[in-house]
Each structure stands twice: as structure tokens, then as C-alpha cells.
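>>> sequence plus the predicted model coming up.
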Amino acid sequence: MVITSKDNEKIKYLKKLKNNKFMNEEKKFIIEGDHLTKEAFKTGILLETYSIFDTCFNVPNTLVSKGVIKSLSTLNTPSNIIGVCKFIDSKIDMNNNILILDGVQDPGNLGTIIRSSSAFNFNTIVVSKDTVSKYNDKVIRATQGMMFKTNIIEEDLKTFIPYLKEHNYTVYGTNVNNGIDVRYINKNAKIAVIMGNEGQGVSNEVLEEVKDNIYIDLKKDVESLNVAVAASIIMYEINKGE
């Protein structure tokens, strides 16, 4: 049987999952497209699918019409499949470098940062409570599935940074004033780096917890970089070592 009505109870449930409050209550989120569905299946978080064709993901699949898919999709050109996934279990790896995000708002920036963190061996990203949700549909698409393999944890940074210091992390803010060129820091230590909001940078409240800052050496006529670009360069420099 193919569901053709947008008022079907299952379809109504999927639409409700787009609401952050309901999504958090259910601990489920939606993905779109064959690639993301395959990546979610590989990591064991795919619960069920809704598609216009039979699937082979070994999870329950509900056949729906193109019109129903279109009503659920956030894409200009809707895909042929939508997946429902369970929230991802994450834990902090206290033996590796950590990236901290303070108030990053743009979904594309967070998605790019997640992809770069995987490439440059920052296995854990800690986000402030006012950072955009990792389950935002634009974030998920921008990560191309890498989000499913990355520890992304929400914390109160005022209490989390002291916790890192207790576990022998060197915690760096990102501020050119009184900062150290990232190329010349001790890269053999356990490092945590804080990247700030697109417009305001790292908040003063968080900087109060930090003794040292790092920066990227730029041409004199270049004022700043996009936060995702800056984070990627910093992670690359730290990952390549001395």
C-alpha cells in the first residue's frame, strides 16, 4: 500500500519531527537522500525509511507518493527517500584534541567544521548551548554524513573548560590580541581550541576561563576569516604537528 495523503498519521508524525522540541522529546531526526540514508544505515542509527520505491536497508520501509515526499522535503528538488534516525550517542574522547564552538549560528559553518574535524583528527566537538543544533537539516546535509561519525556534545562552557584543564588540556581561545601564532604552539600537548560566533567571536564570559590565545597569521589587509575556514586551518596546523 502506498501512502498518498499528507494527512496520514505517519506523515503527520514525520512533520512534527521537524519541530525541535518534539524532535528532542522523541530523540529522533529526519534525513533526506540516498547518500545520507546509506551513511546512517552504516552507523546503525537508521530506524525506518519512507520512499517511492522498495529499499534494501533492512529497516521498515513505507511506500509513499512523490507528492508526500515533496510535502516532507526541505530541498528544492526532493529526493526519493527520507530516513528516520535515532539520536546519536556521543562521548568525549579525553585522549585526543577537542574543538569547542561558542555560539556558532550558521548551519553551513557547523557542517563544514564537522567535516574538517574528521579530516584533521579532532574527534570530539563540544558546542555551547546557543550553537546551532547538529540535527538541523542544513547541518546534516553539509556534513555529508560525517556527523554520524563525530562526537558532538553540548556543554556549559563555563564549567566544561575548567574540567578540561583538570584533565591536563591546554585550552586556547582564538584572539589575535596577546595571541600565539598557531604554527608555533606546543602541538604535543592535549589541546582544546575555542572558536567563536561568526560576528562576535568568543564571548568574554568564555574567554575569562582561558589564559592563552592563538591566531592565524594573515596578510595585513585581511581582517578576518570565516569561522569554518579559520577552524579548518587551525585544526590542520595542529594535526600536522611540529
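Looks like it came in fine.

>>> remind me which residues of this structure are low pLDDT?
Scanning the chain for pLDDT under 70 picks out the ranges 176, 221, 242.

>>> ok, which stretches of it are strands?
Ranges of strands in the chain, per DSSP state E, are 28-32, 46-51, 61-63, 81-86, 98-102, 124-127, 151-154, 169-174, 179-181, 190-196, 212-215.

>>> CSV for these, including distance to residue 134?
In short, each C-beta sits where N, CA and C put it, glycine included. Shown next, in CSV, are the strands of the chain (distance: least, C-beta to C-beta, whole Å):
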stretch, distance to residue 134
strand 28-32, 9
strand 46-51, 17
strand 61-63, 26
strand 81-86, 12
strand 98-102, 10
strand 124-127, 7
strand 151-154, 5
strand 169-174, 21
strand 179-181, 28
strand 190-196, 15
strand 212-215, 25
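
>>> would you turn those strands into a markdown table with distance to residue 141 and mean neighbour count?
As requested, the strands of the chain are exported to a markdown table (distance: least, C-beta to C-beta, whole Å; neighbours: other C-beta atoms under 10 Å):
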| stretch | distance to residue 141 | mean neighbour count |
| --- | --- | --- |
| strand 28-32 | 8 | 22 |
| strand 46-51 | 16 | 19 |
| strand 61-63 | 22 | 17 |
| strand 81-86 | 13 | 22 |
| strand 98-102 | 18 | 26 |
| strand 124-127 | 17 | 23 |
| strand 151-154 | 15 | 18 |
| strand 169-174 | 26 | 22 |
| strand 179-181 | 34 | 14 |
| strand 190-196 | 21 | 22 |
| strand 212-215 | 30 | 18 |
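
>>> now for the ones you listed, which one comes closest to residue 203?
Nearest to residue 203 among the strands of the chain is strand 98-102; the distance by C-beta to C-beta comes to 5.7 Å.

>>> what's the angle from that closest one to strand 169-174?
Orientation check (axes from the mean of the first three to the mean of the last three C-alpha atoms, to 10 degrees): strand 98-102 against strand 169-174 gives 40 degrees.
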